[in-house]
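Peer 1: Have a look; sequence and predicted model below, questions after that.
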Amino acid sequence: MKKKRSLLTRLSESISGFFSHFINGDGITKASYVVMGLGCLLRKQLVRGFCYLLIQVLFIWYMLSTGINNIIGLKTLGVNAQGQVWDEVNQIYRYTKGDNSMLMLLFGVLAVFVVIGFLFIYAASVKNAYENEQLLKVNKTPSDFNADVKRMFNEKFHVTILTPPILMVFLFTLLPLVFMILIAFTNFDKNHQPPGNLFTWVGLENFSAALYNDPVKSHTFLSLFIWTLVWAVFATFLNYIFGMILAIMINKKGIRLKKFWRTIFVTTIAVPQFVSLMLMSKLLHDQGAINVLFKNLGWIEDFIPFLSDPFLAKVTVIVVNLWVGMPYTMLITSGILMNIPADLYESARIDGAGPVTQFLKITMPYMLFVTTPYLITQFIGNINNFNVIYLLSGGGPLSLNYFQAGNTDLLVTWLYKLTVNEQNYSMASTIGIIIFIICSFFTLVVFNKTSSAQKEEEFQ
Amino acid sequence: MKRILALCLTLVLLLSMLGGCSSNSGSTSSGDTIVLKVWGSQEDQVILGVMIESFKAAHPDKTFDISLGVVGESDAKSKYLEDPEAAADVFAFANDQLKDLVAAGALYEVTRNKDSIVAANIESSIAAATLDGKLYAYPMTADNGYFLYYDKSVFSEADIASLDKMLEVAGAANKKVFMDVSNGWYIASFFLGAGLRFADDGKIDWNNATGEAVGEYIKSFTANKAFLTGDDDILKSGFADGSIAAGVSGTWNAANIAEILGDNYGAAKLPTFSLNGVETQMGSFGGFKLIGVNSQTKYPVEAMDLAEWLTNEENQIYRFEERALGPSNIKAAESDAVKEDAALAALAAQAPYAVDQNNVPGTYWNPAEAFGTALESKDYSKSIADMLNELVTQSNSN
């Protein structure tokens, strides 16, 4: 909390400073509000002043040549659709290039980034000019370029070293992120596909369609959301409990060949997950190996619809996920189990506690304390568990109740289907944002409530 | 020293990232070379290569740089829409994607040599490449449909006239009749047979009395013990081990099945099914594979010439010879070799009951598959009427 306040106060200070410096400053300082770097050029900081001036000139040139158009384009996302002109000689239409909404959105966002970046440098230059004025008033000379460079390698080395990565983060992470979030507020789908067609802003229409407005889509969203949560709960806790039981069993005194059992279970990790999942999907198919085997043995008359019955498919994906995921929990928990001090159990035994009481009073609290953050990550990971669902059931069996989705589809696989099969990018982006909100809500609320976060110091 | 090293490292990182960005735009073509990209299916790569070479030979006055990419006809639309400007200049696609591609402004309207193209190809193939009176693609093959394969040792000519008779015979012989009902493409056969259609705007109204009767029939069909569903592999392995006696599929399996069945290989139009007690001919989707020209192409004239070349009479015959794909070119289709092909003959016999796929909306396939899946897995929790209502709602929500 302390940090947040200081950032806010710093921001408000620099804004109020921006205005007060104009009022308090002398002529040169005032002039450097119009011509950047004047307060440096005229006050013995030639190189620095020149840099400010260059930045201003470049910025003005950029804004006049494309920047302003880009920002205006951001408002409309293009007005000229692709046109056609008849070419008599070749007997074809020549298509004239229309506006490309996607590029306009991208460059518009870039232009906004450039403007914001420029404003920061502008504010810095103004502050710089005022500081120089104050220094000269007390007969100190502002630092020259050589001193600046030296400082960049000594007390301000962190600035030098961190500037390139931060620029990269803005360019390659933040810019695409903003771009993709903005797509959620457009109608970018297969009927509005650039460069042949334009797309435009539709405000919150996609959100209202997903949440309540469009009966078909909102019903799908709600049903898939509930299933996603059910899946995440089962996938997380069953893995956790069964993995732990497995670890305890192997850890028990008197169990022989401990290493052998551990290795056996861990070998499922050695096979790449997607291979085992796709193999499972083949095995469990209606005419797959398992059904054929059962039929030949005479156990069943008709095939068991492991992956084609809505309810059974849900059970199947949870069980197969259990098989895939249990060894991981086993590995993690056996390490922690071995760490629980043996004297705790010993004294419990002396006090007359049975194995169940020992488990509930010693093992469980200890385990939960250590692994709650792990559980939360697993839960969030399972909400977005694309691999298991996509490779095992492909979201199927398809449902007549859902819009382009199947009974075992998670929100994230539905998002994939909407993007890849339907080219409904705006809807997919909307769902992506909603998933993010859900995940961050769970993470923040639950994590802050855990004892691991609240009693960090108490950990023995 | 350490600090300078650290700075150098970040700079190298920065430069390498920027370098990675700029290297893309490095290879721009020089003036006169005409650079074209062609997409075709994996199986067609070799013959497309030959056709492209002959195209180059036929146009010695121009320098071409034509590259081939693997994108199957069924994936063309989604691959194209990923990035139209990076998509191929000339690409093959199935005609059910025409509507979406035109809506996305993807296809170059065909106006060059239009009259001769229209005259050279069968009428239905031109209709399948036309939308709102404008021709958008070049017909390449006319075999994207399905019909009946059967084992002559199990069924007589009379048996294969009626689906119910077939189920009876197959059931008695403890064999199966194969049809992938959990697939919008095949399940439509019953609805189309009953005269139910897609409206011009892609909407359907199958939730009426006729639709219900069709649904009830499909239900009884899938519940029959002689019924089997699955994919191409199941069909082929079933014919091979003798468990399947008849199956609904398309020409792409012809060579395999003919080889498996040998002298007992038979192909015919689809049978009839009983609708409210009346024997009704099963319909089908009659699809065409088309070649389209990307509206974003830099060389429209050359791209169109190439597309026309890939679909001319000579190359359609070549395509039939190499890949046994049925030609849409009238003269090519009339050759004796084509007429003697049992699978293509069966397809031709089915053709009068075939419906083109131009009006089928993209939203139809998944709910139709769900409809079939529910019946196949004998999930009768909902009435046929309710299921049809949902099918119609989902398919119409576009």
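Peer 2: Cool, the structure landed.
Peer 1: next SSE after the helix or strand where residue B:247 lies?
Peer 2: According to DSSP states H and E, residue B:247 maps onto strand B:244-249. Using DSSP H and E, the helix or strand that follows strand B:244-249 in sequence is helix B:254-261.
Peer 1: hmm, back to that, for the strand holding residue B:247, name the packing helices and strands.
Peer 2: strand B:147-151, helix B:163-172, strand B:176-178, helix B:232-241 (3 or more Cβ pairs under 8 Å, 6 or more residues apart in numbering or on different chains; DSSP states H and E). All C-beta atoms are positioned from the backbone trio N, CA, C, and that covers glycine.
Peer 1: what domains does the record give for chain A?
Peer 2: With domains defined by automatic domain parsing, chain A comprises A:14-203, A:214-458.
Peer 1: Give me the neighbour count for residue 100.
Peer 2: Because you didn't say which chain, this covers chain A. 20 (other Cβ atoms under 10 Å in any protein chain shown).
Peer 1: meant chain B actually
Peer 2: Look at residue B:100: counted by other Cβ under 10 Å, it has 20 neighbours.
Peer 1: Ok, residue B:6 next?
Peer 2: If you count neighbours by other Cβ under 10 Å, residue B:6 ends up with 13.
Peer 1: separation between it and chain A?
Peer 2: 6 Å (Cβ to the nearest Cβ, to the nearest Å).
Peer 1: how about the nearest residue to that residue, chain neighbours excluded?
Peer 2: Counting by Cβ to Cβ, 6 or more residues apart in numbering or on different chains, the nearest residue to residue B:6 once its immediate chain neighbours are dropped is residue A:161, at 5.6 Å.
Peer 1: Go ahead and confirm the one you found touches residue B:7.
Peer 2: Yes: taking Cβ atoms under 8 Å as the definition, residue A:161 is a contact partner of residue B:7 at 6.1 Å.
Peer 1: need the domains of chain A in JSON lines with distance to residue B:231 and mean pLDDT, can you?
Peer 2: Below are those laid out as JSON lines (distance: least, Cβ to Cβ, whole Å; pLDDT from 0 to 100):
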{"stretch": "domain A:14-203", "distance to residue B:231": "27", "mean pLDDT": "87"}
{"stretch": "domain A:214-458", "distance to residue B:231": "9", "mean pLDDT": "87"}
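Peer 1: Can you add distance to residue B:33 and give the ones you listed back as TSV?
Peer 2: Formatted as TSV, the domains of chain A follow (distance: least, Cβ to Cβ, whole Å):
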stretch	distance to residue B:33
domain A:14-203	19
domain A:214-458	33
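Peer 1: Just give the number of residues close to residue A:30.
Peer 2: Residues near residue A:30, counting by other Cβ under 10 Å, number 18.
Peer 1: Sorry, slip of the keys, the one I care about is residue B:32.
Peer 2: A count of nearby residues for residue B:32, using other Cβ under 10 Å, gives 7.
Peer 1: what's the answer for the one 10 residues further on, then?
Peer 2: The tally of other residues near residue B:42 (other Cβ under 10 Å) stands at 9.
Peer 1: do you know how far it is from residue B:79?
Peer 2: The spacing between residue B:42 and residue B:79, counted by Cβ to Cβ, to the nearest Å, is 13 Å.
Peer 1: quick revisit: mind checking which of the domains of chain A is nearest residue B:119?
Peer 2: Residue B:119 lies closest, by Cβ to Cβ, to one member of these: domain A:14-203, at 15.6 Å.
Peer 1: what sits against the closest residue to residue A:153 other than its chain neighbours?
Peer 2: Among residues not flanking residue A:153 along the chain, residue B:3 sits closest, at 6.0 Å (Cβ to Cβ, 6+ apart). Residues near residue B:3 by Cβ atoms under 8 Å, 6 or more residues apart in numbering or on different chains: A:153, A:157, A:161.
Peer 1: Much appreciated, bye for now.
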